[in-house]
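>>> Structure, please.
(one chain, ligands or ions: 3)
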Amino acid sequence: MLKLIKKWLGINVKSVSSAIPAIELDKVPAHVAIIMDGNGRWAKQRGLPRVAGHHSGMKNVKKITMAANEIGVKVLTMYAFSTENWKRPKEEVEFLMKLPQEFFPLEIEELIENNVRIRMTGWKEGLPDYTLKAIEGAIERTKENTGLILNFALNYGGRKEMIAGVQDMILDVQNGKLQIEDLDEASFSSYMLTSDLPDPDLLIRTSGELRLSNFLLWQLAYSELWFTEAYWPEFTESLFMQAIAEYQRRGRRYGGI
Ligand code: IPE
Ligand code: IPE
Ligand code: MG
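Ligands and ions are numbered 1, 2, ... in the order given. This next block holds a predicted model:
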């Protein structure tokens, strides 16, 4: 913990006083989901091609994972590529698809040292073989790890997930595995790709956009939302801690009083 605090001190002296004392380690959100947005604008601001932003954004993933791990977050879901992102220029999509084969060889040892387990939420169909090979290799190598789950939402879309879930559900009704009257929120959740994960407690979106962009539509029903103007490549541990601290100050009522 002290090591991390020293690191924050080095990064942003001004925000330290608001970041350090505020975190209560017994009230850390179990599942944090992040929409890593703003890579393209970050690059444009610096006169660089959009893909330079994606590269810089990739470099930020481990740093935030380590910060989350250090305070005891159990699941960190990172929105890396949506089902709508296929609309982007072919070159940009290709660059994004090549990032896992750079990210994992670079970071896997440190992730393993920290007991991090990799997983993926999204559709494997449609992903290039080299992308799949990189992520599946990392999933396999970390499958016995018991620490933080670093969950990449890759080729993921919330509406597609719900439609696929409803299709599976109807099949189960047709073959007698599910009775219509047994369908409730818990059984519906079991048809989602995240059926074995708790719903996110906290959603963070960078880059100043105030929307969900088809991310975890079912799961975010009662999540706390936190937005920052910072673009993803410039998102720091200190900002992450600010989000956690604000989460801890909120009262979650779930419709009660
Ligand atoms: C987020 O950054 C990364 C992905 C969506 C893959 P963007 O590429 O959306 O960056 P902006 O929002 O255009 O700045
Ligand atoms: C959401 O960002 C998807 C990811 C961060 C992977 P987008 O940049 O694709 O979302 P919109 O287009 O601004 O809604
Ligand atoms: Mg964007």
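
>>> drop to CA atoms for contacts and neighbour counts, all remaining ones
Fine.

>>> The nearest residue to Glu224 once chain neighbours are set aside: what's it in contact with?
Excluding the flanking residues, the one nearest Glu224 by Cα to Cα, 6 or more residues apart in numbering is Leu202, at 4.7 Å. Neighbouring residues of Leu202 by Cα atoms under 8 Å, 6 or more residues apart in numbering: 29, 31-33, 223-226, 247.

>>> can you put the residues you listed in TSV and add distance to Ser207 and neighbour count?
As requested, these are arranged in TSV below (distance: Cα to Cα, whole Å; neighbours: other Cα atoms under 10 Å):
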residue	distance to Ser207	neighbour count
Pro29	22	21
His31	21	22
Val32	17	22
Ala33	15	25
Ser223	19	18
Glu224	17	19
Leu225	14	17
Trp226	11	18
Tyr247	19	22
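
>>> And these, which two are furthest apart?
Farthest pair in the contacts of Leu202 (Cα to Cα) is His31 and Trp226. Separation: 13.7 Å.

>>> if I read this right, Tyr254 contacts Tyr222, doesn't it?
Yes - between Tyr254 and Tyr222 there is a contact under Cα atoms under 8 Å: 6.6 Å.

>>> Looking at the two, which is more packed in?
Tyr222 (15 against 9; other Cα atoms under 10 Å).

>>> Please, which helix or strand holds that one?
For Tyr222, there is no host helix or strand (DSSP states H and E).

>>> what's the spacing between it and Glu161?
As judged by Cα to Cα, to the nearest Å, Tyr222 and Glu161 stand 18 Å apart.

>>> Where do the helices of the stretch 151-257 of the chain begin and end?
Residue ranges of the helices in the stretch 151-257 of the chain, as given by DSSP state H, counting those that start in this stretch, are 158-174, 185-189, 237-249.
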